[in-house]
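In: Below is the structure, and that's it, no one-letter string:
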Ligand code: SF4
């Protein structure tokens, strides 16, 4: 039915059990949460506080920090205190591998200060110790009333489980591919670990699952399967997504498809930053992914055409950039003063071909004159032509009109 295709909306969100992470609800019908992770040494309290604060300011609603040794575990409560003093109430998640059970036992203030513990079931311990060490973290979570994320990652997948499934697969008359078995091992690792945590006594409302892989098709397959087999809240993320546009495209492609299918309660876009690059970029990309798909609104959207041979001057690109930058600078004030401003759509278009049409679809839009066109720029407000700007100050005049529109 072609009409059904045209009308296709996102599938309803899959029903999951909500998990409170500090003051943030994940799953249970809550809006999809944006989260991120620091890349500072947590033992470096100044650097960690600064980065957590920057990520929170950029819009990260949960921030994960590495807790890999005694020094970092000892720093966690100090980081929390400093953030509280700065008025940054973002929940902190401790990322534990190998010795998390020991660090949590030896540093009760760390266990208390964290809002969630991330456990990697693939490296929580070895052989017979595995369940005991996993269990120790779960028991700590129960004692402190904290949730956990059971975070499977195929770079550190439980090798015993994988070997067992591979062996069983080889016995089949028609064995499945190694890739299919690996996907199954990832899903099973998450599900079996969640089952064990629940047997120990952790409620389902305290467990979030993730199963991260680095290939787009694998991520889609794994999460579709996971979502069919459990109603645990799900954290989505493509691991080792990569640098620059590759990481952004791969994360958006994979998570966009899953979100469209109603799968995913919280997302992280894992980008490899440039050395000394801006860590908050991943938060911006996650927000833009959710906003462009229509799931959440964070910032007014500026629609701009790509430009072509009809726009040989750079006037319209410069204006689009100025409007975008005005928005970023003013949003902290606008958000307080004008609730709902994040739903605003502004269009900045390069010529008469699509300019007036696109501008009419926006709340406020301008169609700048293309090469050879009359030097006049009609402005559309709420779908109707408002004024035509002329002269050397078109850009500044439009900036004022946008600010006035927001105020009104
Ligand atoms: Fe080119 Fe005009 Fe289309 Fe912009 S709106 S891409 S300037 S034809």
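Out: In hand now; what should we look at? None of these values were measured; they are calculated from a predicted model. Numbering: from 1, shown residues only.

In: where along the stretch 101-250 of the chain do the helices fall?
Out: Secondary structure of the stretch 101-250 of the chain by DSSP state H, counting those that start in this stretch: the helices cover 108-113, 129-144, 159-170, 178-200, 216-229, 244-260.

In: Mind checking the pLDDT average for the first one?
Out: Predicted confidence along helix 108-113 averages 98 (mean pLDDT).

In: Could you pull up the mean pLDDT of stretch 225-236?
Out: 98.

In: got a list of contacts for that stretch?
Out: Taking CB atoms under 8 Å, 6 or more residues apart in numbering as the criterion, the residues outside stretch 225-236 that touch it are 14-19, 26-28, 35, 149, 151, 183-184, 187, 190-191, 194, 204, 207-211, 219, 223, 255, 258-259, 261, 263-268. Quick note: C-beta positions are derived from backbone N, CA and C, even for glycine.

In: which of these count as buried?
Out: Judged by neighbour count, with 16 or more other CB atoms under 10 Å as the criterion, the buried members of these are 14, 16-17, 19, 26-28, 35, 149, 151, 183-184, 187, 190-191, 194, 204, 207-211, 219, 223, 255, 258-259, 261, 263-268.

In: what residues does this protein put near the ligand?
Out: Applying the criterion CB under 6 Å from any ligand atom, the portion of the chain that neighbours the ligand consists of 305-308, 310-311, 349-351, 353-355, 370.

In: now the residues you listed in CSV, with secondary structure?
Out: What follows is the residues of the chain next to the ligand, written out as CSV (DSSP: H, G, I helix; E, B strand; the rest coil):
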residue, secondary structure
305, coil
306, coil
307, coil
308, coil
310, coil
311, coil
349, strand
350, coil
351, coil
353, coil
354, coil
355, helix
370, coil
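
In: Just among those residues, which is most surrounded?
Out: Among the residues of the chain next to the ligand, residue 349 has the most neighbours (other CB atoms under 10 Å), with 28 neighbours.

In: rewinding a little: for residue 391, find the nearest of the helices of the stretch 101-250 of the chain.
Out: helix 244-260 (38.1 Å; CB to CB).

In: And the closest one, what's buried?
Out: Neighbour counts using 16+ other CB under 10 Å place 247, 248, 250, 251, 252, 254, 255, 257, 258, 259 of helix 244-260 among the buried residues.

In: Contacts for that helix next, please.
Out: The contact list for helix 244-260 (CB under 8 Å, 6+ apart) reads 10-11, 32, 216, 219-220, 223-224, 236-238, 241-242, 264, 267, 269-272, 285, 289-290, 293, 295.

In: Please pick the buried ones from those residues.
Out: For the contacts of helix 244-260, buried by 16+ other CB under 10 Å: 32, 216, 219-220, 223, 236-238, 241-242, 264, 267, 269-271, 285, 289-290, 295.

In: Next step: those residues restricted to strands.
Out: 236, 267 (DSSP state E).

In: Now do the strands in the stretch 1-150 of the chain.
Out: In order along the chain, the stretch 1-150 of the chain carries the following strands (DSSP state E, counting those that start in this stretch): 19-21, 24-26, 33-37, 62-66, 92-96, 116-119, 148-153.

In: Just checking: what are the partner strands of the fifth one?
Out: What it means is strand 92-96. Based on DSSP bridges, the strands next to strand 92-96 in the sheet, each with its direction, are strand 62-66 (parallel), strand 116-119 (parallel).

In: Low-confidence stretches in the stretch 201-350 of the chain?
Out: For the stretch 201-350 of the chain, applying pLDDT under 70 flags no range at all.

In: Let me see the confidence value for residue 128.
Out: Predicted confidence (pLDDT) for residue 128: 59.

In: let's have the chain start at 34 instead
Out: Will do, 34 is the new start, and the previous item becomes residue 161.

In: Distance check, residue 270 against residue 298.
Out: Remark: distance between residue 270 and residue 298 (CB to CB, to the nearest Å) = 12 Å.

In: let me fix that: residue 252
Out: 15 Å.

In: do the same with residue 264
Out: Taking CB to CB, one finds residue 264 at 11 Å from residue 298.

In: Determine the residues that are contacts of both of those two.
Out: Contact with both residue 264 and residue 298 is made by residues residue 49, according to CB under 8 Å, 6+ apart.

In: which SS class is residue 420?
Out: Residue 420 ends up strand, using three-state DSSP.

In: What backbone torsions are found at the residue nearest to it when sequence neighbours are not counted?
Out: Nearest residue to residue 420 in three dimensions, chain neighbours excluded: residue 412, at 5.4 Å (CB to CB, 6 or more residues apart in numbering). Geometry field for residue 412 lists phi and psi as phi -110, psi 130, criterion degrees, to the nearest 10.

In: so what's residue 412 up against?
Out: Contacts of residue 412 were listed using CB under 8 Å, 6+ apart, and they are 392, 397, 398, 399, 418, 419, 420, 421, 422, 431, 434.
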